[in-house]
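Novice: Just to be clear, the model below is a prediction. Sequence and coordinates:
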Amino acid sequence: MTRAQVQWRVRTGVWVPVAGDALRLASWPADAETELAAMRLTWPDAVLALGSAARLHRLPVAHDGWVHALVPDGRKPSRGLRPHRLALDAHDVETVRRGRVTTRRRTIVDCLGRLSDPEATRLLAWVQSRRLLDPADLDSWLGEHPKRWGNVARRAAVGRLTSGAGNPAEERLHSILRRAGIDGWAGGRPLLAEIGVAAVADVYFPDERLVLEVDGREAHAGRFQEDRTRQNALIAAGWELDTQGTSHADLIALDAHELHEQVAGTRAILQRRYHVPVNWFCYPSGHYDATVVAAVRAAGYQGSTTVVPGWAHRVDDRYRLHRLRVLGGTSPAALLALIAATRDDPPAPVSYDGS
C-alpha cells in the first residue's frame, strides 16, 4: 500500500488514529486491546500500565484520554501515548496478545497510589469486594518498595483492606458500631460459604444472619438488584444462564477449596436461585490448566469456553472450546473477516495462562 493510499483512507475517515503510529478502521471499536497493539507497534520496548492496563484487566478505571506505557528512557509523549518510568520486578509483567502489560496485581498497586482520591477509593471498594488484593500482600509490597510515589495512599488502603472497610462510608459505619459498643459483627465478610450468596457484606452479623450495606453502587456496581432483575428478565425470555465463577478469579492460582467454590459452588447457587441447569462454564480471563478442567468436569458442566480464537469442531475437547470476541460496533464485514481469519487455527492448548 502506498503512502497516498494511506493518506486517502485517513483523510476520508476510513481509518482513524488510535495512538502513536497506529490506525484502525473507523468501524472497529477502540478498546484496551487496540491500545495495547498501538503501543506495541509504536514503542515495542514499552509495557502497558496504569489506567490503560487497568482497562485491559477490566478494572473500574475511567479512560483519561491517554495510553499509558512504561518505557526504559526519557522519551516524549507521542500522539496519545504517555511514557512513564517506573521500576518493575520480574514478576510484574505478563504477555497479552503479544504485548507486554503489568499484571493485574501490579496494576492495582500502581493505580491505588496514582489515581485521584475519588478514583482510588472507587477502585479499592471494587477490589475489596472481590478479594483481589490481600492487605498483607500490599503491606509486604510497601516494605519492599519504600519511598515510592503514592505509598501514603497505599498505606491507607492497607488499613481499609485489613478492617474490611473499602471506603470512608464503611469506615464511618464501623466506627459508629464500635463507639456504640456493638460487637458480634465482621467487616467485608464474604457470604458464599456463610449463606450461599456470592457477595461480600459491608457488615455481617453471623448470629443474626444480618447484612448491612452502606456503599452499594460504588463497590458492587449493580451486582445485587440490578443484576438480579436483568437475569430474571433474560431467563424469562428463554436465555440460557451460564457462569464464569463468582469473582472473575484466576482459577489456576486457587487452592482446591477456592477452586471448588468458584466452579461447583457457583453452579449450585445459580441452580438454586434461578431453577435453571447452568450447563456451561467460561474460564475467567481464559486461564485454565488440567486441574481447572477437571474441576469443571466434576462440577457437571457440559463444557467450557476459552479465550483462544478459532472454530469449534465436533472432535474438539468440549472443555477447551474456542471463542471469538465480537465487540460492540463490529461491522458485518469485520465479523466475517474475523471468522474467516480463524478458520484454520489449531485446537486450544492443554493449558493457558495468558502468555
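Specialist: Cool, got the structure.

Novice: Could you chop the protein up by domain?
Specialist: 3-161, 165-220, 225-341 (automatic domain parsing).

Novice: Pull the distance from the longest one to the chain's centre.
Specialist: In this case it means domain 3-161. Put simply, domain 3-161 sits 13 Å off its chain's centre (C-alpha atoms, centre = their mean, to the nearest Å).

Novice: Ends of that domain, what's the gap?
Specialist: Length of domain 3-161, first residue to last, C-alpha to C-alpha, to the nearest Å: 54 Å.

Novice: how about the helices in the stretch 151-300 of the chain?
Specialist: In the stretch 151-300 of the chain, the helices defined using DSSP state H, counting those that start in this stretch lie at 151-163, 168-179, 192-195, 216-220, 225-236, 256-260, 266-274, 290-298.

Novice: can you list the residues that contact the longest one?
Specialist: The reference is to helix 151-163. 109, 112-113, 117, 120, 124, 128, 133-135, 138-139, 141-142, 145, 166-167, 170-171, 174, 187-188 (C-beta atoms under 8 Å, 6 or more residues apart in numbering). In this view, the C-beta of every residue, glycine as well, is placed from N, C-alpha and C.

Novice: Same check on the second one?
Specialist: Applying C-beta under 8 Å, 6+ apart, the contact partners of helix 168-179 are 121, 125, 160, 163-165, 185, 187-188, 202-203, 212, 214-215.

Novice: and these, which are buried?
Specialist: In terms of neighbour count (16 or more other C-beta atoms under 10 Å), the buried residues within the contacts of helix 168-179 are 121, 125, 160, 163-165, 185, 187-188, 202-203, 214-215.

Novice: Return the member of these nearest to residue 327.
Specialist: Taking C-beta to C-beta as the measure, residue 327 lies nearest residue 125 of these, at 27.2 Å.

Novice: Quickly find the element holding that closest one.
Specialist: helix 117-129 (DSSP states H and E).

Novice: for residue 333, same thing?
Specialist: Counting by DSSP H and E, residue 333 is part of helix 332-341.

Novice: Go through that helix and flag the buried ones.
Specialist: The neighbour-count criterion (16+ other C-beta under 10 Å) identifies residue 334 as the buried residues of helix 332-341.

Novice: can you offset everything so residue one is 673?
Specialist: I'll keep to 673 as the first residue from here, and by that count the last item is helix 1004-1013.

Novice: Near residue 705, how many other residues are there?
Specialist: Around residue 705 there are 17 other residues, counting by other C-beta atoms under 10 Å.

Novice: so who does the closest residue to it other than its chain neighbours touch?
Specialist: The shortest distance from residue 705 to any non-neighbouring residue, by C-beta to C-beta, 6 or more residues apart in numbering, is to residue 769 (5.9 Å). Counting by C-beta under 8 Å, 6+ apart, residue 769 makes contact with 705, 708, 709.

Novice: Name the nearest of the residues you listed relative to residue 991.
Specialist: Closest approach to residue 991 among those (C-beta to C-beta): residue 705, at 25.0 Å.

Novice: My guess is that closest one contacts residue 729. True?
Specialist: No. When contacts are counted by C-beta atoms under 8 Å, residue 705 is not listed as touching residue 729 (11.5 Å).

Novice: for the chain, which spans come out with low pLDDT?
Specialist: 864-871, 885-911, 1000 (pLDDT under 70).

Novice: ok, now with 50
Specialist: Low-confidence segments of the chain, defined by pLDDT under 50, are located at 888-889, 891-894.

Novice: in it, which spans are strands?
Specialist: Along the chain, the stretches classed as strands by DSSP state E are 687-689, 695-697, 719-720, 739-742, 753-756, 765-768, 771-774, 858-862, 872-877, 882-884, 952-954, 975-977.

Novice: Pull the fourth one out as CSV, backbone CA atoms only.
Specialist: By that I understand strand 739-742. Written as CSV, here are the backbone C-alpha positions of strand 739-742 (Å, rounded to 0.1, in the frame of the first residue of the first chain):
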residue,chain,number,x,y,z
VAL,A,739,-2.5,5.3,26.6
HIS,A,740,-0.1,4.9,29.5
ALA,A,741,3.2,3.0,28.9
LEU,A,742,6.3,2.3,30.9
